[in-house]
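Visitor: Quick one, structure for this:
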Amino acid sequence: MRNLTLRHLRAAQEIARHGTIVRAASTLGLTPPAITIQLKQIEEDAGVILFDRTNDGLRPTAAGLAFIDAAQMIEERLRQLDDEIDAIKGVRAGTLALGVVSTAKYFAPRLMATFKNTHPDIAVSLTIGNRAEIIAKLKNHDVDIALMGRSPSDMPLHSVVFGDHPLVMIAPPDHPLAKRRDITKEEIAREHFLIREPGSGTRISLEIFLGEIPGKLEDLGTEMSSNETIKQAVMAGLGIAFISAHTIAMELEFGKLVTLDVIGMPIRRQWFSVTRTDRTISPAMNAFQVFLRQRGAQCLPFFNKLYPMQQEPG
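Guide: Below you'll find the model as predicted:
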C-alpha cells in the first residue's frame, strides 16, 4: 500500500459516497476514466476488490469499508495537524465539527456563542440530527465531538458529563391531571402519549419507566418525528408527552404547557460530551472540552421549578 496517494484515498471516498464513477469524478473535478484508473491502481496494489459492481451502483466490500475508514482518519489527522501547527506558532485558531442530538439544539447555539466569546478564531460547525444520525457521524469521523444523553457501546468512545438533563411529563394547562399531586405510574400509563421514534433517548427512558405496566409498551402512543411537533400536539390537546425539560423553557414561561407531578419524576439524566478514543485530540477539541467542564452547565436552560405549584389550602 506504499504507492497510495491522497488522490487515491479521496477517489475511493467519493465513489463510496456517490455510488458511481461519474458522480465521484464530477465532485473531484476529474474525468471518469481518471477515477477508474485510480480505483484500478488501488485494487491492484491492495490485491483485493474494494467495490462490488451492482445494478444500484458501486458498493464497498469489507475491504473497501476498511480502506474508506482509514482514508477518513488520514484526512482527519491532516486537519488536526493544521490546528496543531497553528497552536505551536501561537495562533489561537482551528476548526471544530460539533454534532448534537436534536434535543440539544435548544441550548447548543448558546454553548457555541459563549465558547466563541473566548475563542473567536476557532471556527465551529454545527450538525443536528437524531441519535442514530449523530452516532453515524461519529462512526464516520464527520464530527469531532458529539453532545448526547447516552453514548453508544459499539465503538471506542470517551464520554464526559457536562450537565444535568431532567426529563419531565408535560400536558396542556387545562389537562385533568395538571393540578394533581403525586400522580401514580399506573394513572399516567392510562393517558395517550405522543412519542419520538424508536431508539431516541427520551423514548428509551419512557419505555424503562413504564416497562412494568402490562401491555403499555405494545401500545405506547402516537409517534412523531420531532420535539417541536410533539409540543404543538400536546398544546392542541392530542395527548401528553415525556420530554426533555430543556426543550420547553419558553412554553413553561408563557404558560402554554405544564409539567405533571408524577411520582418518580423528573427523571434525571446527564448530558455527555462524546469523542472517539481512536483519534488525536486537536487543540480546538481540547479547548471546547475544557470549556464544557468549566462552563457547560451554565449554558443549559434554568428552571425555577419542575413541578406544578402546590395548591393553596382552601
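Visitor: so where's the longest strand in this protein?
Guide: Using DSSP state E, we find that the single longest strand of the chain is strand 157-171.
Visitor: Give the buried residues for it.
Guide: Buried residues in strand 157-171, counted by 16 or more other Cβ atoms under 10 Å: 157, 159, 160, 162, 163, 165, 166, 167, 168, 169, 170, 171. In this view, the C-beta of every residue, glycine as well, is placed from N, C-alpha and C.
Visitor: Quick one: mean pLDDT for it?
Guide: Mean pLDDT, strand 157-171: 92.
Visitor: For that strand, which strands pair with it and how are they oriented?
Guide: strand 240-244 (antiparallel), strand 258-259 (antiparallel), strand 267-276 (antiparallel) (DSSP bridges).
Visitor: The longest one: what's the following helix or strand?
Guide: Read that as strand 267-276. Using DSSP states H and E, the next helix or strand after strand 267-276 towards the C-terminus is helix 283-295.
Visitor: and that next one, how far out from the chain's middle?
Guide: 18 Å (Cα atoms, centre = their mean, to the nearest Å).
Visitor: So which bits of it are buried?
Guide: Neighbour-count burial for helix 283-295 [16+ other Cβ under 10 Å]: 283, 284, 285, 287, 288, 289, 291, 292.
Visitor: Helix or strand with the lowest mean pLDDT in this structure?
Guide: helix 62-88 (a mean of 80; mean pLDDT, DSSP states H and E).
Visitor: so what secondary structure elements neighbour that one?
Guide: helix 6-18, helix 32-46, strand 94-101, helix 283-295 (3 or more Cβ pairs under 8 Å, 6 or more residues apart in numbering; DSSP states H and E).
Visitor: returning to what we had before: of all the strands paired with strand 157-171, which one comes closest to residue 135?
Guide: strand 267-276 (9.1 Å; Cβ to Cβ).
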